Every structure is written in structure tokens, then in C-alpha cells.
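Asks: Turn this into a structure:
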Amino acid sequence: MEGLEMKHVLFMLFLVLLVGCQPADQPAEVTEAPDETAQEQAPEPVASEPEPEPEENRLARVLEQQSEEVQARFRFRNPYETLNFFGIEPGMTVVEALPGGGWYTRILLPYLGEEGKLIAANYPVSLFQQFPWASEEFLENLPAWPDTFAENAQAMCAGDCASVGAFWLGELPEDMRGQADAVLFIRVLQNLARFQNEGVDDFLDQAFSDAYAVLKPGGVLGVVQHEAREDMPDDWASGAHGYLKKSFVIAQAEAAGFEFSGESAINENPDDQPTVDKVVWRLPPTLMVHENGDPDEQRARHEVIGESHRMTLKFVKPEP
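Replies: Residues are numbered from 1 along each chain as shown. Coordinates of the predicted model:
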């Protein structure tokens, strides 16, 4: 028994000594400390370039930012669908014929953006001289139009806007030849055709010739035009009443060298059914009234019809 007791005492002493050899604050498993030097040498994350705004989003944003007056015409003029049909994109060089008060100009300047260019092409001075409303003062100030258009365009857009150029139809500058991606003839052909048909000058032929010359090969000519039914008399559909036949417009463009690429029903209005005694300017936004009848009643009736029935045609300048 004494031997057993002695062995037990020795075993207990061994355990005490073994436990006492372990440091009190040392964990059973040691986790390796992180390498701070390696952390310091890790490369900084590279900031990625912001992705460009999708074109459809940009156009939608530009349209949303337009004034109430401009937006009031969207349901008749369908700018989103029309510009997409013609393939207009930011960064393009686009010729806008007869910008007038700038309805489309206000949309195109911010949509094309600072990488793009908008070139206005106005009726010749000799065509403006045919209008009975063209006063002496208007005609005296008209030659300054290229400068005044540029000034007015600056007031229409600020920031990310297209640069601006201008020329008179029939007088295309040499340095503009072959520079444009697209030409837009939106509600402009009627007067060019009208006065050419009346023998004043070759206004329509000159306009199509300039459109062809200013475009790059593969460039697009987009036409939106008040459309006369094909069964209407040719002398009525000469442009004098504002309407032209689709067959006539296509023939004129093809004679200038363009290829017909397609058409869209975007801007059609079946409620516009003019008879031979009607002009397109009876409809909004002009709302011209006849001498006979109640003016308010006429305007109300024409407001219900809306803007004119329009063809929307796309042509392409062939590649060499």
C-alpha cells in the first residue's frame, strides 16, 4: 500500500508540473497574425469609367426636359419614335432643314451632345421673297440669319450641346460636303415644290441635291411631309395647299440619287381628310380660318382633327 500511495503522489506531482509549464495567456491553437506589410502593398482598386448613357435614355431625358409648349406637340409629332426611325444618335452631324422657330432644334442640340453638330439649312432668300407675309423689314434682316440662328441656338441649350453651323439651301459650302450623317426634311418640302412648280426657281431640285452632297456615303435622308392622297388632283397636291403625294416625294429623292430605305406610319393621322378647297394651314398649330364661318367654331373643329396626316420616309445615300 505504501508503494501504491507513493506512485499516486508522484503521478499527481507530474501533472502539476506539466500544467505549470503552459503559459497562462497562451491559447491552445495559435492563429497566424495577418501580414500588415502585404496589406500595405496591395494595389488600390482602379476606378472604372462611368458607362455612357444609353441613347434611348438620353433622348427620353431630353424630351422630358422640354417646355410644356414643346411637349404639347409630342402626340402629333412623335419625336422619340421619329428620330429613332431615322437612326439619329448622339455625336452625329445632322442637317435640319428650315429650323424655323426651333421646335426640333431644341431637341436635337442636347440630344446630339457636345460630340455632335447641328447644321441648319434655310430656304433661299429668293424663296422667302415669294411669301406675301414677308415684310420689307423681315427681308432686310434675313441675310443675317446664319449669325442670328447661332445666337438663338445658344439660348436654347446649355452645357452638353451640339456645335452649330448654317447654310442656305442652294448654296452648300464646299467644306460641308460629305460631312453629315443625316439630313432631316421635316415639313419643309411643300414650299420648295410649290414655287418650283410655279416656275420661280429649281428650289426642290437644289434642296435634294444639297442633301445628297452634304451626306457621307451611307448617310440618311429623313422626310416627314404633309401627305396628299394619291387620288387627289396633281395640281392640288403641288405644295400650294401644303400637301404632296408620297409617290412624288419618292420620285424626287430617287432622281437625286437616293435609295428608298423604308417608311413608317408614326406620323399618320387618318382624321385629316382634306378636300380640294382645304389647305394644311387650317390645322394646328396655325389654325388658319376661312373668311366665311365662325372663326372659333372652325378652330375648335380643326383642333379636334389635330395636326396633318404625314408620310415618314427614309432614304439612304448609296455607298460607292
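Asks: Show me which strand runs longest in this protein.
Replies: Scanning the chain for the strand with the most residues, using DSSP state E, yields strand 215-228.
Asks: Go through that one and flag the buried ones.
Replies: For strand 215-228, the neighbour count (16 or more other C-beta atoms under 10 Å) marks 215, 219, 220, 221, 222, 223, 224, 225, 226, 227, 228 as buried. (Glycine included, C-beta is placed from N, CA and C.)
Asks: Let me know the closest of those to residue 254.
Replies: Using C-beta to C-beta, residue 221 comes nearest to residue 254 of these, at 10.9 Å.
Asks: what about residue 61, helix or strand, and which?
Replies: Residue 61 is part of helix 55-64, with elements assigned from DSSP states H and E.
Asks: Please work out which residues outside that helix touch it.
Replies: Applying C-beta atoms under 8 Å, 6 or more residues apart in numbering, the external contacts of helix 55-64 come out as 53, 71, 74, 79-80, 83-84, 89-90, 107, 110-111, 113.
Asks: Summarise which helices and strands the helix or strand following the longest strand of the chain is packed against.
Replies: Heading C-terminal from strand 215-228, the first helix or strand you meet, by DSSP H and E, is strand 244-245. The contact analysis (3 or more C-beta pairs under 8 Å, 6 or more residues apart in numbering; DSSP states H and E) places strand 244-245 against helix 189-197, strand 215-228.
Asks: closest to residue 301 out of the ones you listed?
Replies: Residue 301 lies closest, by C-beta to C-beta, to one member of these: strand 215-228, at 18.3 Å.
Asks: Show me what that closest one is packed up against.
Replies: helix 79-85, strand 180-186, helix 189-197, strand 244-245, helix 246-255, strand 310-316.
Asks: how does it look with 6 Å?
Replies: strand 180-186, strand 244-245, strand 310-316 (3 or more C-beta pairs under 6 Å, 6 or more residues apart in numbering; DSSP states H and E).
Asks: Most tightly packed of the ones you listed?
Replies: strand 180-186 (a mean of 24; mean count of other C-beta atoms under 10 Å).
Asks: average pLDDT for it?
Replies: Average pLDDT, strand 180-186: 99.
Asks: List the pairing partners of it within its sheet, with orientation.
Replies: Next to strand 180-186 in the sheet, as set by DSSP bridges, lie strand 93-97 (parallel), strand 215-228 (parallel).
Asks: and it, how far out from the chain's middle?
Replies: Centre-to-centre, strand 180-186 and its host chain are 11 Å apart (C-alpha atoms, centre = their mean, to the nearest Å).
Asks: beta partners of residue 122?
Replies: Counting by DSSP bridges, residue 122 forms beta bridges with residue 168.
Asks: what separates residue 225 from residue 114, distance-wise?
Replies: 31 Å (C-beta to C-beta, to the nearest Å).
Asks: How about residue 216?
Replies: Remark: distance between residue 216 and residue 114 (C-beta to C-beta) = 20 Å.
Asks: same check, this time on residue 198
Replies: Residue 198 is 43 Å from residue 114, by C-beta to C-beta.
Asks: With residue 203 instead?
Replies: 34 Å.
Asks: of these two, who's got more company?
Replies: residue 203 (25 against 13; other C-beta atoms under 10 Å).
Asks: Is that one in contact with residue 192, as I believe?
Replies: Yes: with contact defined as C-beta atoms under 6 Å, residue 203 reaches residue 192; the gap is 4.4 Å.
Asks: what's the neighbour count on residue 64?
Replies: Neighbours of residue 64 under the rule other C-beta under 10 Å: 8.
Asks: Repeat that for the one 3 residues further on.
Replies: For residue 67, the tally of surrounding residues (other C-beta under 10 Å) stands at 8.
Asks: residues near the residue nearest to it when sequence neighbours are not counted, how many?
Replies: Leaving out its chain neighbours, the residue that sits closest to residue 67 by C-beta to C-beta, 6 or more residues apart in numbering is residue 106, at 7.9 Å. Using other C-beta under 10 Å, residue 106 is surrounded by 20 other residues.
Asks: so what secondary structure elements neighbour the host helix or strand of residue 106?
Replies: Using DSSP H and E, residue 106 maps to helix 105-112. Judged by 3+ C-beta pairs under 6 Å, 6+ apart, the packing partners of helix 105-112 are helix 55-64.
Asks: quick one: the helix it packs on to chain centroid distance?
Replies: Centroid separation for helix 55-64 versus its chain: 9 Å, with C-alpha atoms, centre = their mean.
Asks: got the buried residues for it?
Replies: So, applying 16+ other C-beta under 10 Å, buried residues of helix 55-64: 58, 59, 62, 63.
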